[in-house]
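Chemist: After the sequence you'll find the predicted model.
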Amino acid sequence: MTYLVVSSLADMPGTVAQHGALDIVTLINADTLVERPASVSAERHLFLGMNDIAAPTEGLVPPGESHLDQLLEFGLRWDRHQPLVIHCWAGISRSTAAAYILACAINPALDEMALAQELRRRAPSATPNALLVSIADRRLGRDGRMVEAIRSIGRGENAFSGTPFVLPLEL
C-alpha cells in the first residue's frame, strides 16, 4: 500500500530518496528557496506559499481556500504508485495538517479521531495547522470532526524539527 511521508525541509531530500517518492508537496513561506530533488519532475512538485499562522497577521500569508484547492487537486491526482512526500519548514505544523487532510480526502471512510490519534502516535511533535484543518473540514463536509480530532490530540511535544514519519491511508 502506498502512503504519505511527512518531513522537514532539511530532511526532505533524504526522505524522498529513502522512500523512492516521485511526488512532493511543499507548504512553506513563499520566499523560501526549495531545491527540488532531481528524481522529482517539476510537474510532480506542488509548492504552496503560506506562513504557519492560524489567524490573519499583518504582512503574512495565512493558509487559504486556494491553497486547499491546490492541495486537494494535487493529492487526488497523485497516482499512488510511490509514496507522496509532504514537507514544510520543520515538519510539524503545515505538513502534518496537509497529510491529515489528504488522508481524509483520499480515504473518506477514515475515522477522523482514529487518524488524529495515529498521527500523534507516529509524530509526537505534530501540531497540525488549525486554520488549514478547519478549511478542509468544511470543504470535505466533515462537520467539525476533523477540527475536533486535531484539537483532541493537543499541541505536540516541543521540537525544533519533527522526525520524518509515515502516515498510512488506511488504518
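Modeler: Here it is on my side, so go on. Predicted model, so just to flag it, every value in this text is computed and none were measured.
Chemist: Let me know the distance separating residue 102 from residue 55.
Modeler: Applying CB to CB, to the nearest Å, the value for residue 102 to residue 55 is 23 Å. To be clear about C-beta, it is placed using only N, CA and C from the backbone, and glycine gets the same treatment.
Chemist: cool, residue 8 as well?
Modeler: Computed as CB to CB, the residue 8 to residue 55 distance reads 24 Å.
Chemist: who's more crowded, those two?
Modeler: A side-by-side neighbour count of residue 8 and residue 55, using other CB atoms under 10 Å, places residue 8 first with 20 against 8.
Chemist: List the contacts of that one.
Modeler: With contacts taken as CB atoms under 8 Å, 6 or more residues apart in numbering, residue 8 has the following neighbours: 87-92, 95, 161-162, 164.
Chemist: How about it: what's its closest non-neighbour residue?
Modeler: The shortest distance from residue 8 to any residue that is not its chain neighbour, by CB to CB, 6 or more residues apart in numbering, is 3.6 Å, and that residue is residue 91.
Chemist: all strands for the chain, in order.
Modeler: Along the chain, the segments classed as strands by DSSP state E run 3-8, 23-28, 45-49, 84-88, 165-168.
Chemist: Can I get those in a markdown table including distance to residue 67?
Modeler: Converted to a markdown table, the strands of the chain look like this (distance: least, CB to CB, whole Å):
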| stretch | distance to residue 67 |
| --- | --- |
| strand 3-8 | 17 |
| strand 23-28 | 8 |
| strand 45-49 | 5 |
| strand 84-88 | 12 |
| strand 165-168 | 19 |
